[in-house]
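J.: predicted model follows, preceded by the sequence.
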Amino acid sequence: MAKSYSRYEYETSPRKLEPDYGTPKKTAPKKTKTAKRGISKKKQKELNRKKAKTIMYVLIAFSIVFLLSSRNAQIDENFAKVSSLKSNLEEIEKENSQLEVAIESSSNLANIEQQAKSLLGMQKLTSKQIEYIELPKTDYIEPAAENVVIEEEKGFFETIGDFFTQLFK
């Protein structure tokens, strides 16, 4: 007899309803993916270790590449700073040399006199403002009052001889 899944029954006898609380069917223990493939647990652990090692090697390689690229970026930044500082130094040296030339050209006697007259209000001396002083032509250095006598060191016999000569004087 064929089961009919529709709601209308063609046969005269109604189908029997099966209760939901029936005896549970024994199910086979679930097989893991490895058991389905036919791989033992030891082999699976070895495979997992190999995968972990591979991942670690990839991470180490990536970190090394990252460190090298970041270090190169820092070197490039420092090189750019050095080149900009060198160009600034060249500009400052050029400006300094131009200022030195300007100072040398403006430091002649006519320019100094003109600035003294205009900026400081100075004037040339007239003959009425000049006073002459006469100084005697004597030497103001005085000789030392005491004579300094430097004695050389005498030997042992010379000091004994001087001692005896002093006694008999």
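T.: Great, that's in hand.

J.: how confident is the prediction for residue 56, by pLDDT?
T.: Residue 56 carries a pLDDT value of 97.

J.: low-confidence ranges in the chain?
T.: Scanning the chain with the threshold set as pLDDT under 70 gives 1-11, 13-38, 139-140, 143-144, 148-149.

J.: now do the helices in it.
T.: Along the chain, counting by DSSP state H, helices occupy 33-37, 41-106, 109-118, 156-168.

J.: just list what the third one packs against, helices and strands only.
T.: By that I understand helix 109-118. Using 3 or more C-beta pairs under 8 Å, 6 or more residues apart in numbering; DSSP states H and E as the contact test, no helix or strand touches helix 109-118. C-beta coordinates here come from the backbone N, C-alpha and C atoms, glycine included.

J.: hmm, who's touching that helix?
T.: If you take C-beta atoms under 8 Å, 6 or more residues apart in numbering as the criterion, helix 109-118 is touched by 122, 123.

J.: alpha carbons of that helix, as PDB, please.
T.: Written as PDB, here are the backbone C-alpha positions of helix 109-118 (Å, rounded to 0.1, in the frame of the first residue of the first chain):
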ATOM      1  CA  LEU A 109      84.300 106.400   5.500                       C
ATOM      2  CA  ALA A 110      81.800 108.500   3.500                       C
ATOM      3  CA  ASN A 111      78.900 106.200   4.400                       C
ATOM      4  CA  ILE A 112      79.900 106.200   8.100                       C
ATOM      5  CA  GLU A 113      80.200 110.000   8.200                       C
ATOM      6  CA  GLN A 114      76.800 110.400   6.500                       C
ATOM      7  CA  GLN A 115      75.100 108.000   8.900                       C
ATOM      8  CA  ALA A 116      76.700 109.800  11.900                       C
ATOM      9  CA  LYS A 117      75.300 113.100  10.600                       C
ATOM     10  CA  SER A 118      71.800 111.900   9.700                       C
END
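
J.: any idea how far it is from the chain center?
T.: Counting by C-alpha atoms, centre = their mean, to the nearest Å, helix 109-118 is centred 50 Å from the centre of its parent chain.

J.: how many degrees apart are it and helix 41-106 in direction?
T.: Angle of helix 109-118 versus helix 41-106, following axes from the mean of the first three to the mean of the last three C-alpha atoms, to 10 degrees, is 90 degrees.

J.: picking up where we left off before, out of the helices of the chain, the one nearest residue 136 is which?
T.: Closest to residue 136 of the helices of the chain, according to C-beta to C-beta: helix 109-118, at 34.3 Å.
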